[in-house]
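Enquirer: Turn this into a structure:
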Amino acid sequence: MAFIELKGATLDLPIYDVQGRSLKKKVMRMGRRNTIAEDNDGVIVVHALDNVDLRLESGDRIGLIGHNGAGKSTLLRIMAGIYAPTRGTVSCDGKIVPLLDISLGMDDNSTGLQNIRLRGLLLGMSDSEIQAKQQEIAEFCELGDYLDLPLRTYSSGMRVRLAFAVSTAVDADILLLDEVMGVGDASFMNKAKARLQDLHHRSEIVVLAMHANAEIRRMCNKVLWMERGRVRTFGPTEEVVAAYEAQV
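Expert: Numbers count the residues shown, from 1 in each chain. The predicted model follows:
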């Protein structure tokens, strides 16, 4: 059974390029009401996550809510292993697939077909798995002969469609998503929503950060409310979302 567990997970991000006394003083003034401080060496440190305790198990569909800068994306990145905690631990069982930057690993000078392989390998797919799914990915993204051309010839919409098609072809035990993005016209959007829903059903655990509370209510059975890098509330969807909406 898949799980992911954080115990006292804390992430401090040092900022070494804050220069000038006036700028530094401004940052320090922000620190009095935010999560910015100065360490013993005079380096500005952002406390991105602060002592997060959390355990997610098979069947959980978790929505992350909170204002911009609350720590939602950082939490997803520490779950994915992109960041290592400064203190505390993160442990898991199961294949984690982070759909945080769906274009990551794609190369402008490689063809669409070559990028299917590049992106697939980055997501942990084997060569044989990529080959088995390549035709289905090609048909889904509807790019036709453009798949034989370099990515630099694609429009921004075509790039996203290809990246989305590859990213959602992977089989995940734990799926991490940061704001589902638009991927084309209305017809393709309907396909994309159906495909993403199928990926949700195939995953044991889903963690989703987004600002659309209606979608959170529809897709999630629990909600984690983040505030200034800390867990403010974690519980049943309607209870937490209603409390959040009453506060904002």
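
Enquirer: Now for Gly94: which residues touch it?
Expert: Neighbour list for Gly94: Ala2, Phe3, Ile4, Asp173, Ile174, Glu204, Ile205 [criterion: Cβ atoms under 8 Å, 6 or more residues apart in numbering]. Placement of C-beta: from N, CA and C, glycine included.

Enquirer: now Leu104
Expert: The neighbours of Leu104, taking Cβ under 8 Å, 6+ apart as the test, are Arg119, Leu122.

Enquirer: That one looks like it's in a strand, true?
Expert: No - Leu104 sits outside any strand when classified using DSSP: H, G, I helix; E, B strand; the rest coil, being coil.

Enquirer: Domain parsing of the protein, as residue ranges.
Expert: 3-94+209-247, 103-173+181-201 (automatic domain parsing).

Enquirer: What average pLDDT does the first one get?
Expert: In this case it means domain 3-94+209-247. Mean pLDDT, domain 3-94+209-247: 85.

Enquirer: Just the endpoints, please. Distance across that domain?
Expert: In domain 3-94+209-247, first residue to last residue: 31 Å (Cα to Cα, to the nearest Å).

Enquirer: again with the shortest one
Expert: Between the opening and closing residues of domain 103-173+181-201 lies a distance of 23 Å (Cα to Cα).

Enquirer: in this protein, which spans are helices?
Expert: Under the criterion DSSP state H, the chain contains helices at 21-31, 72-80, 112-122, 127-141, 156-167, 186-202, 213-219, 237-247.

Enquirer: could those go into TSV alongside distance to Thr89 and mean neighbour count?
Expert: Below are the helices of the chain laid out as TSV (distance: least, Cβ to Cβ, whole Å; neighbours: other Cβ atoms under 10 Å):
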stretch	distance to Thr89	mean neighbour count
helix 21-31	27	12
helix 72-80	11	22
helix 112-122	25	20
helix 127-141	31	15
helix 156-167	28	22
helix 186-202	27	14
helix 213-219	28	15
helix 237-247	25	14
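
Enquirer: what's the closest of those to Leu13?
Expert: Across the helices of the chain, Leu13 has its closest neighbour in helix 72-80 (8.4 Å, Cβ to Cβ).
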